[in-house]
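Chemist: below are the sequence and a predicted model for it; my questions follow.
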Amino acid sequence: MKAVIEGLLFLSGEDGLSLEQIVKITDKDIDSIKKDIKDLYNEYDNSNRGIKIEFLGNRFKLTTKKEHKEYYKKLVLEEENSPLTQSALETLAIIAYEGPITRVDIDSIRGVNSSYVLRKLLLKDLIEDVGKADSPGRPRLYNITNRFLDYFGLGSIEELPKIDVLNSKDDETYLFDSKYTEKEGEN
């Protein structure tokens with residue numbers, strides 16, 4: 001069960017999981033989950049691994065070890081100076097046109113998990129956390145920053161190119177009116 005808990009904490013990312021969530025997901029009793037978490041904590045703490053389990057904000061999270069921070073700083077500086085990837089541009093476009101928006105909504109539009117891309121965009125100061133949504137769980141809301149506007153040479157968000165969103169009903173009609181439909185009276 002320790003491997004399952006470790007995987008769950010990895011997947012939950014910076015959000016982490018509460019003890020109650022882990023119990024509910026694993027369908028195990030609370031005492032065995034507490035023991036497994038304590039064992040994992042000790043295994044990470046007494047090893048040469050680069051991560052550890054911490055209890056922060058009433059949630060268990062996988063975090064990096066502070067003694068390796070000089071290497072993490074180098075990565076952050078490298079990331080700040082790296083060009084934007086296709087996934088980063090895609091995520092930025094969604095936030096620019098739909099923001100403020102939650103990660104779950106971004107994931108829904110993109111069809112993939114955007115946690116890593118969001119972290120990179122936050123590091124580059126192209127997006128910011130602008131508060132919490134009123135929906136259940138109170139997820140974070142993301143919006144673009146002034147640095148985003150500077151980066152793309154825009155004076156304001158209104159200068160973004162206008163896009164036409166296709167109406168899905170029109171798309172369906174178009175598919176049914178294709179050249180492949182039978183005409184009346186033909187056999």
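Modeler: Yes, it's here. Residues are numbered from 1 along each chain as shown.

Chemist: residue closest to the middle of this protein?
Modeler: Centre of the chain computed as the mean C-alpha position; nearest residue by C-alpha atoms, centre = their mean is residue 115, 2.3 Å away.

Chemist: so who does that one touch?
Modeler: Counting by C-beta atoms under 8 Å, 6 or more residues apart in numbering, residue 115 makes contact with 13, 14, 103. Placement of C-beta: from N, CA and C, glycine included.

Chemist: doesn't the second one belong to a strand?
Modeler: Spelled out, it's residue 14. No - applying DSSP: H, G, I helix; E, B strand; the rest coil, one finds residue 14 to be helix, outside a strand.

Chemist: report pLDDT for it.
Modeler: On pLDDT, residue 14 comes in at 77.

Chemist: list the contacts for it?
Modeler: Neighbouring residues of residue 14 by C-beta under 8 Å, 6+ apart: 61, 115, 119.

Chemist: so for the last one, what's the nearest residue that isn't a sequence neighbour?
Modeler: It stands for residue 119. residue 14 (7.5 Å; C-beta to C-beta, 6 or more residues apart in numbering).

Chemist: kindly list the longest helix within this protein.
Modeler: Longest helix of the chain, by residue count under DSSP state H: helix 30-45.

Chemist: what packs against that one?
Modeler: With contacts defined as 3 or more C-beta pairs under 8 Å, 6 or more residues apart in numbering; DSSP states H and E, helix 30-45 has these neighbours: helix 2-12, helix 19-26, strand 51-56.

Chemist: now do the last one and helix 19-26, the angle between them.
Modeler: Interaxial angle of strand 51-56 relative to helix 19-26 (axes from the mean of the first three to the mean of the last three C-alpha atoms, to 10 degrees): 120 degrees.

Chemist: for residue 17, grab phi and psi.
Modeler: Dihedral angles of residue 17 (phi, psi; degrees, to the nearest 10) stand at phi -140, psi 140.

Chemist: wait, it sits on residue 8?
Modeler: Yes - assessed by C-beta atoms under 8 Å, residue 17 is found in contact with residue 8 at 6.0 Å.

Chemist: overlap in contacts of these two?
Modeler: residue 25.

Chemist: where in this protein is pLDDT low?
Modeler: By pLDDT under 70, the weakly predicted segments of the chain are 76, 78-81, 164-187.

Chemist: which residues of it fall in strands?
Modeler: Using DSSP state E, the strands assigned to the chain run over residues 51-56, 59-64, 101-102, 127-132, 140-144.
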